[in-house]
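Enquirer: I need the structure of the sequence given here:
(2 chains)
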2 protein chains.
Amino acid sequence: MARYCFCLQVKPERMTEYAQRHRAVWPEMRQALTDTGWRNYSLFLRDDGLLIGYVEADDLEAAQAAMARTEVNARWQAEMAGFFTGLDGRGPDEGFQLLTEVFHLEGK
Amino acid sequence: MARYCFCLQVKPERMTEYAQRHRAVWPEMRQALTDTGWRNYSLFLRDDGLLIGYVEADDLEAAQAAMARTEVNARWQAEMAGFFTGLDGRGPDEGFQLLTEVFHLEGK
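Expert: All right, here's what the predicted structure looks like:
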């Protein structure tokens, strides 16, 4: 299992709506994420629209590719694309920037 | 248990050294974090110095307060302070900005 962190930029004027939409993610979208190996997946929003994703997976690239093959993902990403800046024509699921893990503590 | 995400800004010219230091966090610092309830704690660095922390805890405010009472934390934070910008005189453990969780999927 590995841990991943990525970021995207939400348009500040659409942050409230973005948060609302994520309180009601379609059950079939949640199911597809679960089925394709996305675990302990959270999204966090900063007050300037910086969006941080944290997810655990055996292999994020494989989990992304499996998600990209689902029909529900195409529908969801098409609805989400307008919330972001800086995607340069890619979907939000393709245009995100991965960060580098520099420290980890398991704890107890 | 709750999940928390915070950010800080590392000076771009000190990113390499910051990452090196975090490959060798003092064992007594790791132990103090564990003892005070920091769990599944990771730090991620973006190539412009944006530092993202993800941590799980029963209560982060209590975990921060407990950490602040340890002697090792004062020594560690004093050594780390110079790596950051925008702290306005606070320690890195006091000056970080918490983000808002807008989505969570447990997965399987």
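Enquirer: any residues of chain A in contact with chain B? List them.
Expert: A:3, A:5, A:7, A:18-19, A:22-23, A:25, A:30, A:33-34, A:37-46, A:50, A:52, A:54, A:56, A:97, A:99-108 (CB under 8 Å from any CB of the partner chain). Every residue, glycine included, has its C-beta placed from N, CA and C.
Enquirer: for chain A, give me the ranges with low pLDDT.
Expert: For chain A, no stretch has pLDDT under 70.
Enquirer: strands of that one, residue ranges please.
Expert: A:2-10, A:39-45, A:50-57, A:84-85, A:97-98, A:100-105 (DSSP state E).
Enquirer: wait, what's in contact with residue A:12?
Expert: For residue A:12, the contact set (CB atoms under 8 Å, 6 or more residues apart in numbering or on different chains) comprises A:48, A:49.
Enquirer: what's the spacing between it and chain B?
Expert: 14 Å (CB to the nearest CB, to the nearest Å).
Enquirer: that residue and residue B:23, how far apart?
Expert: 36 Å (CB to CB, to the nearest Å).
Enquirer: can you check residue A:62 too?
Expert: 27 Å.
Enquirer: compare those two (neighbour count), which wins?
Expert: Using other CB atoms under 10 Å in any protein chain shown as the criterion, residue A:62 and residue B:23 rank with residue A:62 on top: 12 against 8.
Enquirer: that one contacts residue A:68, correct?
Expert: No. In this structure, residue A:62 is not within contact of residue A:68 by CB atoms under 8 Å, at 10.6 Å.
Enquirer: what is the neighbour count of residue A:83?
Expert: 20.
Enquirer: err, residue A:95, not the other one
Expert: 17.
Enquirer: same thing with residue A:10?
Expert: Residues near residue A:10, counting by other CB under 10 Å: 23.
Enquirer: contact partners for it?
Expert: A:18, A:45, A:49, A:50, A:51, A:83, A:84, A:85.
Enquirer: is it correct that the first one is in contact with residue A:83?
Expert: Yes. Counting by CB under 8 Å, residue A:18 does reach residue A:83; the two are 4.9 Å apart.
Enquirer: residues of stretch A:53-64 that come out buried?
Expert: A:53, A:54, A:55, A:56, A:57, A:60, A:63, A:64 (16 or more other CB atoms under 10 Å in any protein chain shown).
Enquirer: what about it, start to end distance?
Expert: 13 Å (CA to CA, to the nearest Å).
Enquirer: contact partners of it?
Expert: A:1-8, A:36-44, A:93, A:96, A:98, B:3, B:5, B:42, B:54, B:107.
Enquirer: tell me what the residue nearest to the spatial centre of chain A is bridged to.
Expert: With distances taken as CA atoms, centre = their mean, residue A:53 lies nearest the centre of chain A, 5.5 Å away. Note on residue A:53: beta-bridge partners by DSSP bridges are residue A:6, residue A:43.
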